[in-house]
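Colleague: quick one: sequence and predicted model below, then my questions.
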Amino acid sequence: MEKKYYLPNSLSIIPGTILIIFGLSFWITAPIDGSLINTLIDLVKNFDAFEIAFLIIGFFIIALGILLLKNTGRMLRAKLDHKGFYYLHFDGRHMWPRIPRQFKRIFKPEAELDFIAYKDIKHVEFIDSRWVPGQIHIIKQDNISPILLALSGLKRSDLQEIEREIKAKIIQK
């Protein structure tokens, strides 16, 4: 039994589209005379650093939006199998050393997931309140609770299913 949980399509289509539109706005500021090739040649000849910087920034924002749209429906957030629970871990603390790793995980469809064996899980509960909408809270045997921020994008039914499956496996052990 292996079950994978992916980020809903709407959570990558909407931001991807917004990024592309925002990136295009950087290109609209460039004075296009005739064709794009002529404009790029003129920018290089005149070397207007400000306009070139805008075009480069716009290009990267558009590329980021395209990457999001390309990976729609393939961004793995959690997985359950017979060994344990795999989850995508974002840590808000100590951000700088982890930014490149976390950035790669966001856009890599089959990201490497952190693992908790069922035998190491002491308690699991699905929390749904006004202040904490739809989150899974896991307490390990050593009383450490990993922060499962990446799971907050999953559907409520998926989160409840994860909770039920983990509870069933904890009882079996």
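Modeller: Yep, it's here.
Colleague: so how far is Ile166 from Gln160?
Modeller: Gln160 is 11 Å from Ile166, where distance means Cβ to Cβ, to the nearest Å. Placement of C-beta: from N, CA and C, glycine included.
Colleague: more neighbours, these two?
Modeller: Ile166 (22 against 15; other Cβ atoms under 10 Å).
Colleague: ok, the more buried one touching Ile121?
Modeller: Yes - counting by Cβ atoms under 8 Å, Ile121 is a contact partner of Ile166 at 6.3 Å.
Colleague: what's the overlap in contacts for these two?
Modeller: Residues touching both Ile166 and Ile121 (Cβ atoms under 8 Å, 6 or more residues apart in numbering) are 85, 138.
Colleague: who touches Leu19 in this structure?
Modeller: 61-62, 64-65, 68.
Colleague: could the residues you listed be laid out in CSV, adding pLDDT?
Modeller: Formatted as CSV, the contacts of Leu19 follow (pLDDT from 0 to 100):
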residue, pLDDT
Ile61, 91
Ile62, 92
Leu64, 87
Gly65, 90
Leu68, 84
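Colleague: A helix includes Tyr86, no?
Modeller: No - read with DSSP: H, G, I helix; E, B strand; the rest coil, Tyr86 is strand and lies in no helix.
Colleague: now name the helix or strand holding Ser157.
Modeller: In the assignment (DSSP states H and E), Ser157 maps to helix 156-172.
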